[in-house]
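*Asks:* Whatever this is, show me its structure:
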Amino acid sequence: MKKDRNHIDLITLIGVLTLMVLSLGVVYSAGSSWMAQKGSSSDTLLGSHAAKVLISFLALFLAMQIDYKIYRKISKPAMLAAVGLLGLTLVFGGEVKGAARWISLGGVGFQPSEFAKFALLFHLATLIVQKGDRIRDFKTGFVPLAFWVGVVAALVLLQPNFSTGVMIVALSFVMLYVGRVKLTHIALSVAAVLPLLTAYMLTAEYRMQRIMGFLQGEGSSSATHQLTQGIIGFGNGGILGLGPGGSRQRDLFLPESYGDFVFSIVGEEYGLVGTVFIILLFMVIMLRGIKIARHAPDQFGSLLAMGITSTIALYALVNAGVTLGILPTTGLPMPFVSYGGTSMLFSAAAVGVLLNISSQTDLHPRLSSGVRAAQPLEPRQAAVGKVY
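*Replies:* Modelled structure (predicted):
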């Protein structure tokens with residue numbers, strides 16, 4: 001019997017598809033009252049979300065078929081395109097709630113920061129592999145990587161989009177750590193970035209109100225209204241929840257509950273059982289992603305797998321922390337669950353890349369008829385997938 005290394009990690013695929021399918025019912029319920037107030041049917045919102053889920057399905061399966069190694073060749077053009085789109089967004093982007101975060105492409109709204117986030121992680125992985133041992137040198141190794149991180153983060157912060165900008169910086173530091181950049185270089189960068197982000201945060205009154213409201217627990221303030229209503233939703237749900245469609249907080253108590261605070265509706269309608277189930281799905285995806293990274297056939301695949309896994313896990317963790325009142329309010333979506341096309345599309349495509357990496361490991365060999373067994377990886381090849 002011959003072993004062909006072409007079997008994807010089905011556990012990861014099933015976990016992601018489960019989240020996307022569940023989002024249909026949750027978004028439909030969460031947006032019903034909001035759509036009624038606007039004079040529209042909730043079926044309109046469901047149809048729009050279902051179309052986005054379908055397109056994301058297709059993006060996932062398409063990315064799954066493409067050899068991940070090709071991204072090394074196109075990472076720089078993709079990075080330049082992302083920077084260009086972010087620049088165009090600042091000039092021509094549509095303004096929503098005081099921020100220019102969207103740009104229209106052929107009449108379809110598109111959020112370039114989502115594309116830029118993954119383009120940056122892919123380019124960092126490419127640069128880390130290219131530099132090899134020079135990655136530990138400050139001038140020739142660290143500075144070029146920090147340059148791209150700074151450019152992308154600055155353009156996102158200028159929109160302004162504080163939460164996404166901070167996440168881009170945090171995820172970049174994860175990539176640098178996994179890529180064996182010196183801890184002293186990372187620590188010095190963190191020490192330099194924190195004061196800058198703090199000063200930036202002070203430039204907008206609404207950001208300060210959110211922070212102060214969170215720290216002081218001012219549940220009645222307008223800045224913390226959404227957070228307070230979200231927590232009430234979890235309390236209403238109890239252990240087993242009020243049942244599908246039974247949410248009371250969606251009735252205009254929790255504004256736009258189908259977006260960033262959709263996890264609160266999950267807690268209200270499906271209770272502690274439902275929220276734990278969602279969290280467990282993300283934990284499974286995270287653990288499988290780390291395992292794929294450890295068994296990747298080369299360093300580039302390992303870095304890509306860690307970057308993609310960290311992005312999904314960290315976004316889910318922060319979103320859950322915000323809706324539970326553990327973290328200040330942000331505008332970050334729950335991956336694969338919140339309403340929104342750009343985030344779901346690029347996250348799904350990134351998971352497709354992760355699954356392609358998994359198909360080139362020895363994790364799930366597929367048996368087929370043959371005379372010889374596939375040769376095992378050489379020791380040098382097996383070691384490059386190690387996560388540092």
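*Asks:* So the closest residue to Gly25 other than its chain neighbours: helix, strand or coil?
*Replies:* Excluding the flanking residues, the one nearest Gly25 by Cβ to Cβ, 6 or more residues apart in numbering is Pro244, at 6.2 Å. C-beta: built from backbone N, CA, C; applies to glycine. Secondary structure, DSSP: H, G, I helix; E, B strand; the rest coil: Pro244 is coil.
*Asks:* How about Arg101?
*Replies:* strand.
*Asks:* Share the number of residues neighbouring the residue nearest to it when sequence neighbours are not counted, please.
*Replies:* Nearest-residue entry for Arg101: Gln159, 5.1 Å, with adjacent residues in sequence omitted and distances by Cβ to Cβ, 6+ apart. If you count neighbours by other Cβ atoms under 10 Å, Gln159 ends up with 22.
*Asks:* is it true that Gln159 lies in a helix?
*Replies:* No. If the criterion is three-state DSSP, then Gln159 is coil and not within a helix.
*Asks:* Phi first, then psi, for it.
*Replies:* phi -60, psi -40 (degrees, to the nearest 10).
*Asks:* Look up how far Phe122 lies from the residue found closest to Ile357 once you drop the neighbours it is linked to in the chain.
*Replies:* Leaving out its chain neighbours, the residue that sits closest to Ile357 by Cβ to Cβ, 6+ apart is Gly301, at 4.6 Å. Gly301 sits 12 Å away from Phe122, going by Cβ to Cβ, to the nearest Å.
*Asks:* Please list all residues in contact with the residue nearest to Gly25.
*Replies:* Gly25, Ser29, Glu269, Tyr270 (Cβ atoms under 8 Å, 6 or more residues apart in numbering).
*Asks:* which residues are contacting the host helix or strand of Ala192?
*Replies:* Using DSSP states H and E, Ala192 sits in helix 183-201. For helix 183-201, the surrounding residues in contact (Cβ under 8 Å, 6+ apart) are 138, 142, 146, 157, 162, 165-166, 169, 173, 176-177, 207-208, 211.
*Asks:* Just the buried ones among these, please.
*Replies:* Phe142, Ala146, Leu157, Phe162, Gly165, Val166, Val169, Phe173, Leu176, Arg207 (16 or more other Cβ atoms under 10 Å).
*Asks:* Buried subset of the contacts of Pro244, written for ChimeraX?
*Replies:* Typed into ChimeraX, the line below selects the buried ones among the contacts of Pro244, using 16+ other Cβ under 10 Å:
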select :29,269,270
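*Asks:* Out of the contacts of Pro244, flag the one nearest to Ser75.
*Replies:* For those, the residue nearest Ser75 by Cβ to Cβ is Gly25; the value is 37.4 Å.
*Asks:* How confident is the prediction for that closest one, by pLDDT?
*Replies:* According to the prediction, Gly25 has pLDDT 93.
*Asks:* count of neighbours near Leu188?
*Replies:* 13.
*Asks:* That one and Met35: what is the separation?
*Replies:* Relative to Met35, and taking Cβ to Cβ, Leu188 is found at 50 Å.
*Asks:* Also Tyr315?
*Replies:* 26 Å.
*Asks:* So for the two, which sits in the more crowded spot?
*Replies:* Neighbours were counted for Tyr315 and for Met35 using other Cβ under 10 Å; Tyr315 has more, 24 against 17.
*Asks:* Okay, now the unreliable bits of the protein?
*Replies:* Flagging of the chain using pLDDT under 70 yields the residue ranges 1-6, 94-100, 105-107, 213-214, 216-223, 366-388.
*Asks:* now the strands for it?
*Replies:* Under the criterion DSSP state E, the chain contains strands at 2-4, 94-96, 99-105, 108-110, 366-368.
*Asks:* okay, the contacts of Pro244 in CSV with distance to Ile55 next?
*Replies:* What follows is the contacts of Pro244, written out as CSV (distance: Cβ to Cβ, whole Å):
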residue, distance to Ile55
Gly25, 19
Ser29, 22
Glu269, 26
Tyr270, 26
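*Asks:* Among the contacts of Pro244, name the ones in helices.
*Replies:* Gly25, Ser29, Glu269, Tyr270 (DSSP state H).
*Asks:* which one of those is nearest Ala50?
*Replies:* With Cβ to Cβ as the yardstick, the closest approach to Ala50 among those comes from Gly25, at 10.8 Å.
*Asks:* how close does that closest one sit to Tyr315?
*Replies:* Distance, Gly25 to Tyr315, using Cβ to Cβ: 21 Å.
*Asks:* And the residue nearest to Lys182 when sequence neighbours are not counted, how far from Ile186?
*Replies:* Nearest in space to Lys182, with sequence neighbours left out and distances taken as Cβ to Cβ, 6+ apart, is Arg136 at 5.2 Å. For Arg136, the distance to Ile186 (Cβ to Cβ) stands at 11 Å.
*Asks:* ditto for Leu155
*Replies:* Taken as Cβ to Cβ, the spacing of Leu155 relative to Ile186 amounts to 22 Å.
*Asks:* With Phe142 instead?
*Replies:* 9 Å.
*Asks:* shared neighbours, the two?
*Replies:* Leu176.
*Asks:* Settle it for me: which of Leu155 and Ile186 has more neighbours?
*Replies:* Per other Cβ under 10 Å, whichever of Leu155 and Ile186 has more neighbours is Leu155, with 23 against 17.
*Asks:* Surely the more buried one touches Val83?
*Replies:* Yes. Leu155 is within contact range of Val83, at 6.8 Å (criterion: Cβ atoms under 8 Å).
*Asks:* Overlap in contacts, these two.
*Replies:* Joint contacts of Leu155 and Val83 (Cβ under 8 Å, 6+ apart) are Ala116.
*Asks:* where do the helices sit along the stretch 1-150 of the chain?
*Replies:* 10-30, 32-37, 42-65, 71-92, 112-131, 143-157 (DSSP state H, counting those that start in this stretch).
*Asks:* quick one: the shortest one to chain centroid distance?
*Replies:* Remark: helix 32-37 is offset 28 Å from the chain centroid, using Cα atoms, centre = their mean, to the nearest Å.
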